[in-house]
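**Student:** Turn this into a structure:
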Amino acid sequence: MAEAKLLPGRFSNVPTIIKPEDMSMDREGEGWRQTTLADARTIGAPAMVARRWSFQPGAIGPKLTHGEADQLLYVIRGSGVADVEGERMALETETVLWLEPGEHYHFEAGENGLEILQGFAPGEEM
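**Tutor:** Below is the predicted model of the structure:
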């Protein structure tokens, strides 16, 4: 397999492979964990952020809001509920939740846990 090479363009280290040792576990609570997969630190510019949220069965995540960014949240595995502005929305494996800037939300994991890939752009400054 060819190694990713740096090409001239918008970002100094794109394309790139981000390895697990370069990712950071940012926050952790009772039964949940947030891991940053890619951000300004790893890609060299605040273009986007990708995070993995992992929830143990029955865990309730923190209340969240993103004021500046649309978000795409993809359920990798498990099931649960997204509470968005008080509306409870069922989450199942391979479903996608789209959130607009400013929406308040949190996640509740089902009996088999919940794992979500979160992406938003623009990203946050370093």
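
**Student:** how about stretch 73-81: buried residues?
**Tutor:** By neighbour count on 16 or more other C-beta atoms under 10 Å, the buried set for stretch 73-81 is 73, 75, 78, 79, 80, 81. To be clear about C-beta, it is placed using only N, CA and C from the backbone, and glycine gets the same treatment.

**Student:** Could you export those as a markdown table, including distance to residue 47 and pLDDT?
**Tutor:** Shown next, in a markdown table, are these (distance: C-beta to C-beta, whole Å; pLDDT from 0 to 100):
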| residue | distance to residue 47 | pLDDT |
| --- | --- | --- |
| 73 | 18 | 97 |
| 75 | 24 | 98 |
| 78 | 29 | 98 |
| 79 | 31 | 98 |
| 80 | 29 | 98 |
| 81 | 31 | 98 |
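
**Student:** From residue 21, how far off is residue 69?
**Tutor:** Residue 69 sits 27 Å away from residue 21, going by C-beta to C-beta, to the nearest Å.

**Student:** more crowded one of these two?
**Tutor:** residue 69 (17 against 6; other C-beta atoms under 10 Å).

**Student:** Excluding chain neighbours, what is closest to the more buried one?
**Tutor:** Once flanking residues are discounted, residue 69 sits nearest to residue 120: 4.0 Å by C-beta to C-beta, 6 or more residues apart in numbering.

**Student:** For burial, what's the neighbour tally of the one you found?
**Tutor:** Neighbour count for residue 120, taken as other C-beta under 10 Å: 19.

**Student:** show me the contacts for it.
**Tutor:** Counting by C-beta atoms under 8 Å, 6 or more residues apart in numbering, residue 120 makes contact with 48, 49, 66, 69, 70, 71, 72.

**Student:** That one and residue 48: what is the separation?
**Tutor:** Counting by C-beta to C-beta, the gap from residue 120 to residue 48 is 7 Å.

**Student:** Equivalent analysis for residue 33, please.
**Tutor:** Distance from residue 33 to residue 48, counting by C-beta to C-beta: 21 Å.

**Student:** And residue 66, by the same measure?
**Tutor:** 12 Å.
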